[in-house]
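A.B. asks: For reference, the sequence and a predicted model appear below.
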Amino acid sequence: MADHILALDQGTTSTRAIIFDRDGRIVATAQREHRQSFPQPGWVEHDATEIWRNARNCIGLVLADAQLTPADIAAVGITNQRETTVCWDRKTGRPLHPAIVWQDTRTQGIVDRIAEHGGVDQFRERTGLPLNAYFTATKIAWLLENVEGLRERANAGEVLFGTVDTWLTWQLTGGPKGGVHVTDVTNASRSLLMRLDSCEWDAELLAAFGIPRASLPEIRSSSEVYGHCAEWTPIAGVPVAGILGDQQAATFGQAAFDEGEAKNTYGTGSFLVYGTGTEPVLSSHGLLTTVAYKLGDGATHYALEGSIAVTGSLVQWLRDNLGLISTSAEIEPLAASVDDNGGCYIVPAFSGLYAPWWRPDARGVIVGLTRYITKGHIARAALESTAFQSADVLEACNADADEPLTELRVDGGMTVNDALMQFQADVLGVPVVRPVITETTALGAAFAAGLAVGFWADLDALRALWREDRRFEPAMSPDERARLRREWRKAVSRSFDLA
């Protein structure tokens, strides 16, 4: 009997396969990192073939670790780094260019060109998004304009485009031998090409970016059987039954299904997602309107999202570029070696600032440096920047939403840092709640796949599986909170107009 669900969690820095049981508990996990390529300033690339190879290997490894066979797996769910764009040959399955990662800013010229005729908000009512290099359409347009012969081949139907969910689903279900070319509504909603109201590709937007419709995947719901894994994969015959972009998956895994429920994920970047129900809400405070999920033929659910480009990757930068620490785990004791930030603030605008500022001209700054500042203060400022950026987004969310958020559910790798979670509660002024299972991105993908095949009955069954681990209550005085956030905003202003 198939008593398990496998989630394939393809992230910015690594790929993981995680097996869950009926209680939503982790049975086994396998992980492989992939290379990060920075060929030019502002460019970030991945090798899509390496990602697929790692995914296939992780699936095999996790089955072996759990001592399970494909017959024990009821379905596989996929969650992915969003906006990262892959193009490949329909017949051979070979990528035709390195994948352009969501953080990449090479497409700013395309954004500027289109914005000249209508501004950066000209598509916001239809898509919920501003014109920005962050989104998929600009990356596809760049590939078509810069890879020799690609446009002609795309027009002839020889080229397929997709985000990483599309790439993995196509490979799992057969690749060149009948692979299914699909994406789900959550990933499509991040493209600048999908209408929020109909969840369909928009012909005018395709024309604006010069993208042929035939090269794009079919948009499907987040929870249905898209196809079955090919016989030569480690999970032959298992249905691929769930797809969610990583932040929507984390929200789903937090059982934040309804209007007014929210989560914040702390990973390479950080992402606050606040559910708004079955009607899209357009933000007037710098947030994105996005699809939260759609289950089969059910109604589409929407959310407001605040996207922060750099949080966990700032810790990696301190480790890899500056050598301030030798492992990421060292950041917490180093930050705890000082009582406060000493007046030092880090604004990690490595590729501009996302929500709520949307300043592509911003660049990273460290301000408030004096001879008093030590590496402990810099470590503390790095962690605090994550909390400050999240507070900016939550403030914007409260301004847009009907009801202010009364608690924040959190997940992701940085939530193991108790000091950071306490500081987050302090600067927000609301409780921060960490679940027992912090791998909520993979859990959300598993939930979506499990619902599609009847492994779990309904959303109430999933709510019953969510369990609280720890609640961090705010302990900072309102005056101190206001002072710190005032100083932070001054630091943010120093990052503008540097690109």
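C.D. replies: Noted; the coordinates are in hand.
A.B. asks: Looking at the chain, name the residue that lies furthest from the middle.
C.D. replies: residue 371 (38.2 Å; C-alpha atoms, centre = their mean).
A.B. asks: How about the secondary structure of it?
C.D. replies: Here residue 371 is recorded as coil under DSSP: H, G, I helix; E, B strand; the rest coil.
A.B. asks: Which helix runs longest in this structure?
C.D. replies: helix 375-400 (DSSP state H).
A.B. asks: now that helix, how far from the centre of its chain.
C.D. replies: Distance, stretch centre to chain centre, for helix 375-400: 18 Å (C-alpha atoms, centre = their mean, to the nearest Å).
A.B. asks: go on, stretch 137-148?
C.D. replies: With C-alpha atoms, centre = their mean as the basis, stretch 137-148 stands 22 Å off its chain's centre.
A.B. asks: Can I get it in PDB? Just the C-alpha atoms.
C.D. replies: Extracted in PDB, the C-alpha atoms of stretch 137-148 (Å, rounded to 0.1, in the frame of the first residue of the first chain):
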ATOM      1  CA  ALA A 137       8.800  37.200 -19.100                       C
ATOM      2  CA  THR A 138      11.900  39.500 -19.200                       C
ATOM      3  CA  LYS A 139      14.200  36.500 -19.000                       C
ATOM      4  CA  ILE A 140      12.400  34.700 -21.900                       C
ATOM      5  CA  ALA A 141      12.500  37.900 -23.900                       C
ATOM      6  CA  TRP A 142      16.300  38.300 -23.200                       C
ATOM      7  CA  LEU A 143      17.000  34.700 -24.400                       C
ATOM      8  CA  LEU A 144      15.000  35.300 -27.600                       C
ATOM      9  CA  GLU A 145      16.900  38.500 -28.300                       C
ATOM     10  CA  ASN A 146      20.400  37.300 -27.400                       C
ATOM     11  CA  VAL A 147      20.700  33.600 -28.200                       C
ATOM     12  CA  GLU A 148      21.500  33.200 -31.900                       C
END
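A.B. asks: List the contacts of residue 205.
C.D. replies: Counting by C-beta atoms under 8 Å, 6 or more residues apart in numbering, residue 205 touches 123, 126-127, 137, 192-193. For glycine as for every other residue, the C-beta is placed from the backbone atoms N, C-alpha and C.
A.B. asks: got it, and residue 381?
C.D. replies: Here residue 381 is in contact with 341, 344-346, 366 (criterion: C-beta under 8 Å, 6+ apart).
A.B. asks: Just the ones of these in strands?
C.D. replies: 345-346, 366 (DSSP state E).
A.B. asks: Same question for the strand or helix carrying residue 62: list its buried residues.
C.D. replies: Residue 62 is part of helix 48-66 when elements are defined by DSSP states H and E. By 16 or more other C-beta atoms under 10 Å, the buried positions in helix 48-66 come out as 48-52, 54-56, 58-59, 61-63, 66.
A.B. asks: okay, now residue 337: neighbour count?
C.D. replies: Using other C-beta atoms under 10 Å, residue 337 has 12 other residues around it.
A.B. asks: any idea of the pLDDT on it?
C.D. replies: Reading off the confidence values, residue 337 has pLDDT 94.
A.B. asks: So it belongs to a helix, correct?
C.D. replies: No. Counting by three-state DSSP, residue 337 is not part of a helix but coil.
A.B. asks: Roughly how far does it sit from residue 379?
C.D. replies: Between residue 337 and residue 379 the distance is 8 Å, computed by C-beta to C-beta, to the nearest Å.
A.B. asks: for residue 247, same thing?
C.D. replies: 27 Å.
A.B. asks: The two - which one has more neighbours?
C.D. replies: Using other C-beta under 10 Å, the more surrounded residue of residue 247 and residue 379 is residue 247, with 29 against 26.
A.B. asks: about what we covered before: please identify which of the buried residues of helix 48-66 is nearest to residue 304.
C.D. replies: Nearest to residue 304 out of the buried residues of helix 48-66 is residue 51 (C-beta to C-beta; 29.5 Å).
A.B. asks: so where do the helices sit in the stretch 351-499 of the chain?
C.D. replies: 375-400, 418-428, 440-452, 459-463, 478-494 (DSSP state H, counting those that start in this stretch).
A.B. asks: For the fourth one, enumerate the helices and strands it packs against.
C.D. replies: Secondary structure elements in contact with helix 459-463, counted by 3 or more C-beta pairs under 8 Å, 6 or more residues apart in numbering; DSSP states H and E, are helix 440-452.
A.B. asks: same thing but at 10 Å, please
C.D. replies: helix 246-253, helix 440-452 (3 or more C-beta pairs under 10 Å, 6 or more residues apart in numbering; DSSP states H and E).
A.B. asks: okay, these in TSV with distance to residue 353 and mean pLDDT next?
C.D. replies: Formatted as TSV, the helices and strands packed on helix 459-463 follow (distance: least, C-beta to C-beta, whole Å; pLDDT from 0 to 100):
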stretch	distance to residue 353	mean pLDDT
helix 246-253	18	92
helix 440-452	24	95
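A.B. asks: how about the ones you listed in a markdown table, adding distance to residue 210?
C.D. replies: As requested, the helices and strands packed on helix 459-463 are exported to a markdown table (distance: least, C-beta to C-beta, whole Å):
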| stretch | distance to residue 210 |
| --- | --- |
| helix 246-253 | 28 |
| helix 440-452 | 32 |
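A.B. asks: Residue 163 is nearest to which of these?
C.D. replies: With C-beta to C-beta, the closest approach to residue 163 among the helices and strands packed on helix 459-463 belongs to helix 246-253: 10.5 Å.
A.B. asks: for the stretch 51-200 of the chain, which spans come out with low pLDDT?
C.D. replies: Nowhere does the stretch 51-200 of the chain drop to pLDDT under 70.
A.B. asks: related to what we said a few turns ago, buried deepest among the helices of the stretch 351-499 of the chain, which one?
C.D. replies: Compared across these, helix 440-452 shows the largest average neighbour count, a mean of 31 (mean count of other C-beta atoms under 10 Å).
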